[in-house]
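Novice: no sequence on this one, just coordinates:
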């Protein structure tokens, strides 16, 4: 035999039924004493039973409205506001029943959503700031690379002049050595900037990952809320079925009261009291029927609003999913930026080695005039390689700048989507 564990609304309903029975018992006894004076014993029992049922049902409906309908109205109002993006309203209902736990879970969900949206707003703002800084660094790198390219072109012209005029070779070699030193300094700056940019890009990528995790948490919370609302819809259907049963009982009572009136009319003067009581019973049955219809209409409204709330929750899930996709695209953009920065660092090291070799050749040309032509040709070829590498590096920096611009745009779009929520 299974143990029966009653709690929450079930316990309250049982208590309401018990209280209704306790209240209706003296009323029924009093009515029975009145009916027994005018109606034979057997009929009096039937009439008293119907009256007791009507009185008990009325009290049960009153208690059901107090312990179920009113709290559900509070929950419905808060869910409507949340579905419209207003996350500032909490359900002020304290109870240990199912509705109380639903209210507590809803309040906890609202608080979590407030925290997540605030954190996401802050993260998007920081991503925007870092992307602006990264864009500034990329522009500085572009200017540095342009300066390097310009210097390399000047060195190339000097190397060609060395081949044509050996007498000016020493002076040109010194100039080349000086320019190479400046180029090495510029390349060192570029390398430092590339390392700094790499660190910032790594931090930005971590922030994007955190944002994706937070958006996934929002998506799960909205899905949980949708499930709770669907459960509420099923419970509303159950209540509607119970109300239908009560309405059917009231209709049957009305029919029996009508039959009693007919029988009383046949009895003539002796059935007059029964006719009066039957008429009152019929009126009570009609009132119960109307009350049942009113409750049924209210439940239909609740179910309609619940369906609408589920629709809004689904739309919210779609918006969050789109936000996750946008943030994921941003993360892919950061991954591309990191790869470009690694390539820039590699090319910078290659340029540094090439410049150092050119500088050594320039110093060697000062002491070895006989090898001027050969060394100048080697220097010219190396400089052309450096120029090509610098151009590739310039193109890479332009790609970084474009990626950062796209990241900034996505961050603003995400921030715009988050602003549709009203948080506390």
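Specialist: Right, received. Where do you want to start? Quick caveat, the model's predicted, so the values are computed rather than measured. Numbers count the residues shown, from 1 in each chain.
Novice: ranges for the strands of the stretch 51-200 of the chain?
Specialist: 86-87 (DSSP state E, counting those that start in this stretch).
Novice: below-threshold pLDDT in it: ranges please.
Specialist: For the stretch 51-200 of the chain, the stretches with pLDDT under 70 are 138, 141-142, 144-145, 148-184, 186-188, 190-191, 194, 198.
Novice: now the helices for it?
Specialist: For the stretch 51-200 of the chain, the helices defined by DSSP state H, counting those that start in this stretch occupy 70-83, 98-164, 169-267.
Novice: grab the nearest non-local neighbour of residue 55.
Specialist: In space, and not counting its chain neighbours, residue 55 is closest to residue 24: 4.1 Å by C-beta to C-beta, 6 or more residues apart in numbering. Every C-beta, even on glycine, is put in place using the N, C-alpha and C of the backbone.
Novice: need the contact list for that neighbour.
Specialist: By C-beta atoms under 8 Å, 6 or more residues apart in numbering, residue 24 lies in contact with 52, 55, 56, 59.
Novice: same check, this time on residue 214
Specialist: 116, 119, 120, 123.
Novice: elements contacting the helix or strand where residue 292 lies?
Specialist: Per DSSP states H and E, residue 292 falls inside helix 272-367. Counting by 3 or more C-beta pairs under 8 Å, 6 or more residues apart in numbering; DSSP states H and E, the packing neighbours recorded for helix 272-367 are helix 8-35, helix 41-64, helix 70-83, helix 98-164, helix 169-267, helix 372-418.
Novice: buried ones in the second one?
Specialist: Counting neighbours by 16 or more other C-beta atoms under 10 Å, one finds that the buried residues in helix 41-64 are 43-44, 47-48, 50-61, 63-64.
Novice: quick one: which of the contacts of residue 24 is nearest to residue 70?
Specialist: residue 59 (16.3 Å; C-beta to C-beta).
Novice: my guess is that closest one contacts residue 19. True?
Specialist: Yes. Using C-beta atoms under 8 Å, residue 59 is in contact with residue 19, at 7.2 Å.
Novice: returning to that earlier point: just the buried subset of the contacts of residue 214, please.
Specialist: Counted by 16+ other C-beta under 10 Å, the contacts of residue 214 give 116, 120, 123 as buried.
Novice: looks like the second one contacts residue 213 (just checking).
Specialist: No. With contact taken as C-beta under 8 Å, residue 120 and residue 213 are classed as non-touching, separated by 10.3 Å.
Novice: shared neighbours, the two?
Specialist: Between them, residue 120 and residue 213 share no contacting residue, judged by C-beta under 8 Å, 6+ apart.
Novice: picking up where we left off before, in JSON lines, list the buried ones among the contacts of residue 214 along with distance to residue 280.
Specialist: Shown next, in JSON lines, are those (distance: C-beta to C-beta, whole Å):
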{"residue": "116", "distance to residue 280": "60"}
{"residue": "120", "distance to residue 280": "64"}
{"residue": "123", "distance to residue 280": "69"}
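Novice: ok, so of those, who is nearest residue 292?
Specialist: Nearest member of the buried ones among the contacts of residue 214 to residue 292, counting by C-beta to C-beta, is residue 116, at 43.7 Å.
Novice: what separates residue 122 from residue 210, distance-wise?
Specialist: Applying C-beta to C-beta, to the nearest Å, the value for residue 122 to residue 210 is 11 Å.
Novice: higher neighbour count, these two?
Specialist: residue 210 (15 against 10; other C-beta atoms under 10 Å).
Novice: give the contact list for the more buried one.
Specialist: Residue 210 touches residue 123, counting by C-beta under 8 Å, 6+ apart.
Novice: one step back: pipe the contacts of residue 214 into a markdown table and attach distance to residue 240 per row.
Specialist: Shown next, in a markdown table, are the contacts of residue 214 (distance: C-beta to C-beta, whole Å):
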| residue | distance to residue 240 |
| --- | --- |
| 116 | 36 |
| 119 | 41 |
| 120 | 40 |
| 123 | 45 |
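Novice: nearest to residue 246 among these?
Specialist: Distance to residue 246 across the contacts of residue 214 (C-beta to C-beta) is lowest for residue 116, with 44.1 Å.
Novice: okay, the closest one and residue 139: tell me how far apart.
Specialist: The spacing between residue 116 and residue 139, counted by C-beta to C-beta, is 35 Å.
Novice: tally of neighbours for residue 304?
Specialist: There are 12 residues near residue 304, going by other C-beta under 10 Å.
Novice: swap in residue 132?
Specialist: Neighbours of residue 132 (other C-beta under 10 Å): 15.
Novice: can you tell me how far it is from residue 75?
Specialist: With C-beta to C-beta as the criterion, residue 132 and residue 75 are 44 Å apart.
Novice: again with residue 284
Specialist: Taken as C-beta to C-beta, the span from residue 284 to residue 75 is 32 Å.
Novice: try residue 86
Specialist: Where residue 75 is concerned, residue 86 sits at a distance of 15 Å (C-beta to C-beta).
Novice: show me which of those two is the more surrounded one.
Specialist: Using other C-beta under 10 Å, the more surrounded residue of residue 86 and residue 75 is residue 75, with 19 against 15.
Novice: that one against residue 102, yeah?
Specialist: Yes. If you go by C-beta under 8 Å, residue 75 and residue 102 touch, sitting 6.3 Å apart.
Novice: any figure for the gap between residue 134 and residue 116?
Specialist: 26 Å.
Novice: to clarify, my last question referred to residue 45.
Specialist: 65 Å.
Novice: please apply the same query to residue 46.
Specialist: Where residue 116 is concerned, residue 46 sits at a distance of 63 Å (C-beta to C-beta).
Novice: could you do residue 193 as well?
Specialist: 35 Å.
Novice: what of residue 147?
Specialist: 46 Å.
Novice: over to residue 273?
Specialist: Residue 273 is 70 Å from residue 116, by C-beta to C-beta.
Novice: likewise for residue 204?
Specialist: Counting by C-beta to C-beta, the gap from residue 204 to residue 116 is 20 Å.
Novice: residues near residue 30, how many?
Specialist: Residue 30 has 10 neighbours, counted by other C-beta under 10 Å.
Novice: I figured residue 293 hits residue 246, correct?
Specialist: No. Between residue 293 and residue 246 there is no contact, the gap being 10.6 Å when judged by C-beta under 8 Å.
Novice: between those two, tell me which one has more neighbours.
Specialist: Taking other C-beta under 10 Å, residue 293 and residue 246 do not tie; residue 246 has more neighbours (19 against 13).
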